[in-house]
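Structure of the sequence below:
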Amino acid sequence: MREQFLCSLKSKFFKMEPVISVRSATIYHDETAHEVMKDISFDIAQNEFVYLIGKTGSGKSSILRTLYADLPFKKGSIKVVDYAIHKIKRKEVPYLRRKLGIIFQDFELLTDRTVKENLFFVMRATGWKKESQMLEKVNSLLEQVGLSGTLNKMPHQLSGGEQQRLAIARALINDPEIILADEPTGNLDPTVARDILNLFVKINQSGTAVLMATHQHSFLKFHPSRVLYCEEHGIKDISKGQIIERMLLQKNN
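Predicted coordinates:
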């Protein structure tokens, strides 16, 4: 009995694989052979909230695109939710992305479809069949992201913050293991940006890992968390204090 209990504890607490594991990886800027990062390594644990911070052009977006298999990857190894990116086949990519929630700065909504149809479009593409179940899920998601009552609105009838909330709802459709967010507040005013940050924190607290690329260092004041800092063709784990020091140095130079 005691052995079964110990095995249960071990299974629950000691066998949690990182949701992302990167080893000695070279990251490319685009489909060309231009390298933006070399020999980078890091892990992201299940349920972890991580900021990806760096100057424009430092490789933040390229890292995210590599993680969801949108850019070529040749050197090193990357494992994302049980998929080896360095070995992944083209036909496997859609199945990888179903386990991820991908969020962009510019929302990428279908402007000619309602809120409901924006979400239904993704659901149908990822295998949902019964409309009653789809509608139940959509209503639940809209409530979760603070968009109750917008089911039949068009995207242009929503504010920028509301459009990003819709994009977040879309990313949550298939209960992803991790959210990959690329400058999700870049087009929003500071107050709305903070509201969106709070939504990501809430999502993380419910059990979903979050990797957020951002240039907004001020977020660390409102929600301190781990930072991966992109610089000099590499990536470093740094503390909140080190971020503040770097900001002051940049301001004084």
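
gap between the nearest residue to Asp175 once chain neighbours are set aside and Ile238?
Excluding the flanking residues, the one nearest Asp175 by C-beta to C-beta, 6 or more residues apart in numbering is Thr208, at 8.0 Å. Placement of C-beta: from N, CA and C, glycine included. According to C-beta to C-beta, to the nearest Å, Thr208 and Ile238 sit 24 Å apart.

So which of these two has more stuff around it?
Neighbours per residue (other C-beta atoms under 10 Å) separate Thr208 from Ile238, with Thr208 holding more: 22 against 16.

quick one: that one and Asn47 touch, right?
Yes - here Thr208 reaches Asn47: they are 7.4 Å apart, a contact under C-beta atoms under 8 Å.

Show me the beta-bridge partners of the residue nearest the centre of the chain.
Nearest residue to the geometric centre of the chain (C-alpha atoms, centre = their mean): Leu180, 1.4 Å. Residues in a beta bridge with Leu180, per DSSP bridges, are Ile102, Leu211.

For the stretch 151-253 of the chain, which segments count as strands?
Along the stretch 151-253 of the chain, counting by DSSP state E, counting those that start in this stretch, strands occupy 178-182, 209-214, 226-231, 234-238.

would you turn the ones you listed into a markdown table with mean pLDDT and distance to Asp195?
Output for those, formatted as a markdown table (pLDDT from 0 to 100; distance: least, C-beta to C-beta, whole Å):
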| stretch | mean pLDDT | distance to Asp195 |
| --- | --- | --- |
| strand 178-182 | 97 | 14 |
| strand 209-214 | 97 | 14 |
| strand 226-231 | 93 | 21 |
| strand 234-238 | 90 | 26 |
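
Show me the one of these that comes nearest Ala25.
strand 234-238 (9.5 Å; C-beta to C-beta).

now what about the closest one, what contacts it?
37-40, 42, 59, 63, 226-229 (C-beta atoms under 8 Å, 6 or more residues apart in numbering).

Likewise for stretch 72-79?
For stretch 72-79, the surrounding residues in contact (C-beta under 8 Å, 6+ apart) are 18, 20-28, 31, 39-40, 66-67, 84-86.

These in helices, which ones?
Applying DSSP state H to the contacts of stretch 72-79, the entries found in helices are 66-67.

of the contacts of stretch 72-79, buried ones?
Among the contacts of stretch 72-79, those that count as buried by neighbour count (16 or more other C-beta atoms under 10 Å) are 18, 20-22, 25-28, 40, 66-67, 85.

Which members of those are the farthest-apart pair?
Between any two of the buried ones among the contacts of stretch 72-79 (C-beta to C-beta), the greatest distance is 22.6 Å, for Pro18 and Tyr28.

what about the stretch 101-250 of the chain, any weak spots by pLDDT?
239-250 (pLDDT under 70).

From Tyr51, how far out is Ile235?
Distance from Ile235 to Tyr51, by C-beta to C-beta: 12 Å.

what residues do these two have in common as contacts?
Listed as contacting both Ile235 and Tyr51 by C-beta under 8 Å, 6+ apart are Leu228.

gap between the longest helix along the chain and the chain center?
In the chain, with assignment by DSSP H, the single longest helix is helix 190-205. The chain centre lies 13 Å from the centre of helix 190-205; the measure is C-alpha atoms, centre = their mean, to the nearest Å.

now the contacts of strand 234-238: which count as buried?
37, 40, 42, 59, 63, 226-229.

Can you add distance to Leu220 and give the residues you listed back as a markdown table?
Listed next are the buried ones among the contacts of strand 234-238 as a markdown table, based on distance: C-beta to C-beta, whole Å:
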| residue | distance to Leu220 |
| --- | --- |
| Met37 | 22 |
| Ile40 | 21 |
| Phe42 | 18 |
| Gly59 | 20 |
| Ile63 | 19 |
| Arg226 | 10 |
| Val227 | 7 |
| Leu228 | 13 |
| Tyr229 | 11 |
